[in-house]
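J.: Make a model of this:
(one chain, ligands or ions: 1)
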Amino acid sequence: MSAPRTWLKNPLAVFTANALDARGGLVINGTVIEHVLAAGEQPPVPCERVFDAREHVVLPGLINTHHHFYQTLTRAWAPVVNQPLFPWLKTLYPVWARLTPGQLALASKVALAELLLSGCTTAADHHYLFPDGLEHAIDVQVEAVRELGMRAMLTRGSMSLGQADGGLPPQQTVQQGETILADSQRLIERYHQRGDGAHVQIALAPCSPFSVTPEIMRASADMAERLDVRLHTHLAETLDEEAFCLQRFGLRTVDYLDSVGWLGPRTWLAHGIHFNPEEIQRLGAAGVGICHCPTSNMRLASGICPSLELLAAGAGLGLGVDGSASNDASNLILEARQALYLQRLRYGAERITPALVLGWATRGSAGLLGREDIGQLAPGKQADLALFKLDDLRFSGSHDPLAALLLCGADRADRVMIGGRWRVEDGQVEGLDVAGLIADHRQAAQALVNG
Ligand SMILES: [Zn+2]
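T.: Below you'll find the predicted structure:
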């Protein structure tokens, strides 16, 4: 008995992230896209359901490749509003060190719901805080992901280089190497799904050069190779980090990455700003992916990712909102708008188009997570879709619907489908009490900063 087919009929506009003409719409069978219809084409198979998409701009579900869900509890916190990365981190670490499982559950749900409402269907999170009582942080996040029906790449972060040993984070936030590796293996064995349609995946993610030891970097790379999972970390975000690497390791960031066995196609990096031309060539040749986080990079005044040079060298490029203490939103369609404008400052208006940036937010991001089954509208791909309406005041008078999404500042999807199931309808997350969630999350945020 097969599931009923749905014809998503004649969208107002559609972006497929490939060369297919999909103006006739999509035929969805079960969890996947079965047919992509060109303008004027009819479905070649009977469709039990028809969804009239004439008012909708249809995109592949957006894919977020870097976040810290827990940071939704410390958004716009006055002491760090005007700080750059290192002081920002040092002020926040002691607050974050008090994080509890209940607070993390609420923070994750808020971040995921916010992403989902912005058209995001797959989210990567980088969680690196495992204080006493929060040893099962990733398990808490898996629950939140399942509750919202999204796809996620949950990365088992780690910090092992505390202040006592010359690192940045306070000692109570770091873990022993054995503990980190044992939990990493447990999580992969328990949760990591392989193959098309995966909902939960695990990657290994030592936090940054200034918060982990080279030993943990190497051991994580070995485990990733052995268990076939991906590797993620922050790299080349600020010049402070570059100075730290030169001073402590006598190496620039990419040389350091190379020295610990990370220069390969399993690796995707958050930020990737401060590279010289030779480093860009090496990253490209190795097939490393870069997650561009424009808002965070502007908020902390970190710099501008050399996106087009990285792409030309062969690196992958995707988008991420970064943590909600440096964005302070979890809105991926707005992040695409920020990427469009920040990259135009670097490369000019003609070269950075809305279609290019939407490609980064979809197919480019999918590549960073090692996935071929999402990020595009094509036969056989997962039926993950984001549908936007252009009926708000902000779109009135606009002409090109795809350009209008970014130029007029779309911030909320009308409908979102994940694996053939509607998760957002009429701008509301299915089955989620948003008002209740906000009330609980606000309280948790107060409790966390007040200690
Ligand atoms: Zn980050």
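J.: Sort out which residues of stretch 136-149 are buried, please.
T.: 137, 138, 140, 141, 142, 144, 145, 148, 149 (16 or more other C-beta atoms under 10 Å). Placement of C-beta: from N, CA and C, glycine included.
J.: err, stretch 49-62, not the other one
T.: Applying 16+ other C-beta under 10 Å to stretch 49-62 flags 51, 53, 56, 57, 58, 59, 60, 61, 62 as buried.
J.: Helices of the stretch 351-451 of the chain, residue ranges please.
T.: For the stretch 351-451 of the chain, applying DSSP state H, counting those that start in this stretch gives helices covering 354-359, 365-368, 401-407, 434-450.
J.: Using PDB, write down the CA coordinates of stretch 188-207.
T.: Extracted in PDB, the C-alpha atoms of stretch 188-207 (Å, rounded to 0.1, in the frame of the first residue of the first chain):
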ATOM      1  CA  ILE A 188      27.500   7.700  17.000                       C
ATOM      2  CA  GLU A 189      26.600   4.100  17.800                       C
ATOM      3  CA  ARG A 190      23.300   5.100  19.400                       C
ATOM      4  CA  TYR A 191      22.000   7.800  17.100                       C
ATOM      5  CA  HIS A 192      23.900   8.200  13.800                       C
ATOM      6  CA  GLN A 193      21.700   7.300  10.900                       C
ATOM      7  CA  ARG A 194      23.200   6.600   7.500                       C
ATOM      8  CA  GLY A 195      21.900   6.800   4.000                       C
ATOM      9  CA  ASP A 196      19.100   8.800   2.300                       C
ATOM     10  CA  GLY A 197      16.400  10.300   4.500                       C
ATOM     11  CA  ALA A 198      18.400  10.300   7.700                       C
ATOM     12  CA  HIS A 199      16.800  12.400  10.400                       C
ATOM     13  CA  VAL A 200      19.600  12.400  13.100                       C
ATOM     14  CA  GLN A 201      23.300  12.300  12.400                       C
ATOM     15  CA  ILE A 202      26.300  12.800  14.700                       C
ATOM     16  CA  ALA A 203      29.600  14.500  13.900                       C
ATOM     17  CA  LEU A 204      32.700  15.100  16.000                       C
ATOM     18  CA  ALA A 205      33.400  18.700  16.800                       C
ATOM     19  CA  PRO A 206      36.300  19.800  19.100                       C
ATOM     20  CA  CYS A 207      35.400  23.400  19.700                       C
END
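J.: Quickly check: that stretch near the ion or not.
T.: No. Using C-beta under 5 Å from the ion, stretch 188-207 never reaches the ion; the gap is at least 8.5 Å.
J.: What's the separation between residue 337 and the ion?
T.: Separation of residue 337 from the ion (C-beta to the ion, to the nearest Å) stands at 20 Å.
J.: Does anything pack onto the helix or strand that residue falls within? Which helices or strands?
T.: In this structure, residue 337 sits in helix 332-347 according to DSSP states H and E. Applying 3 or more C-beta pairs under 8 Å, 6 or more residues apart in numbering; DSSP states H and E, one finds that helix 332-347 contacts strand 62-64, helix 294-299, helix 307-313, strand 316-319, helix 354-359, helix 401-407.
J.: Check the stretch 151-300 of the chain for the residue nearest the ion and tell me.
T.: The ion sits closest to residue 270 of the stretch 151-300 of the chain, with a gap of 4.9 Å, by C-beta to the ion.
J.: My reading is that that residue lies in a strand. Confirm?
T.: Yes. Under DSSP: H, G, I helix; E, B strand; the rest coil, residue 270 falls within a strand.
J.: for the closest residue to it other than its chain neighbours, helix, strand, or coil?
T.: Once flanking residues are discounted, residue 270 sits nearest to residue 66: 4.3 Å by C-beta to C-beta, 6 or more residues apart in numbering. Here residue 66 is coil, with the state taken from three-state DSSP.
J.: Pull up the residues of the stretch 351-451 of the chain that are close to the ion.
T.: Counting by C-beta under 5 Å from the ion, the stretch 351-451 of the chain has no residue next to the ion.
J.: Determine which stretch of the helices and strands packed on helix 332-347 is the most buried.
T.: strand 62-64 (a mean of 30; mean count of other C-beta atoms under 10 Å).
J.: All the helices of the stretch 51-200 of the chain, in order from the start?
T.: 85-96, 101-117, 137-148, 177-191.
J.: looking at the ones you listed, which is buried most?
T.: helix 101-117 (a mean of 24).
J.: near the ion, anything from it?
T.: No. Looking at helix 101-117 against the ion by C-beta under 5 Å from the ion, there are no contacts, and the closest approach is 12.7 Å.
J.: what's the angle from that helix to helix 332-347?
T.: 70 degrees (axes from the mean of the first three to the mean of the last three C-alpha atoms, to 10 degrees).
J.: Check the offset of helix 101-117 from the chain's centre.
T.: 14 Å (C-alpha atoms, centre = their mean, to the nearest Å).
J.: now do stretch 204-213
T.: Worked out by C-alpha atoms, centre = their mean, stretch 204-213 lies 18 Å from the chain centre.
J.: Also stretch 113-131?
T.: Distance, centroid of stretch 113-131 to centroid of chain: 7 Å (C-alpha atoms, centre = their mean).
J.: Pull that stretch out as CSV, backbone CA atoms only.
T.: Output of stretch 113-131 as CSV, limited to C-alpha atoms (Å, rounded to 0.1, in the frame of the first residue of the first chain):
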residue,chain,number,x,y,z
ALA,A,113,11.3,26.1,16.0
GLU,A,114,12.7,29.5,15.0
LEU,A,115,14.8,27.9,12.3
LEU,A,116,11.8,25.8,11.1
LEU,A,117,9.6,28.9,10.8
SER,A,118,12.3,30.5,8.7
GLY,A,119,12.1,27.7,6.2
CYS,A,120,14.9,25.5,7.6
THR,A,121,14.4,21.8,7.5
THR,A,122,17.9,20.5,8.5
ALA,A,123,20.0,22.0,11.2
ALA,A,124,23.5,21.4,12.4
ASP,A,125,24.3,22.2,16.0
HIS,A,126,27.7,22.5,17.7
HIS,A,127,27.4,21.7,21.4
TYR,A,128,30.5,21.7,23.4
LEU,A,129,29.4,22.2,27.0
PHE,A,130,29.1,19.2,29.2
PRO,A,131,29.4,20.5,32.8
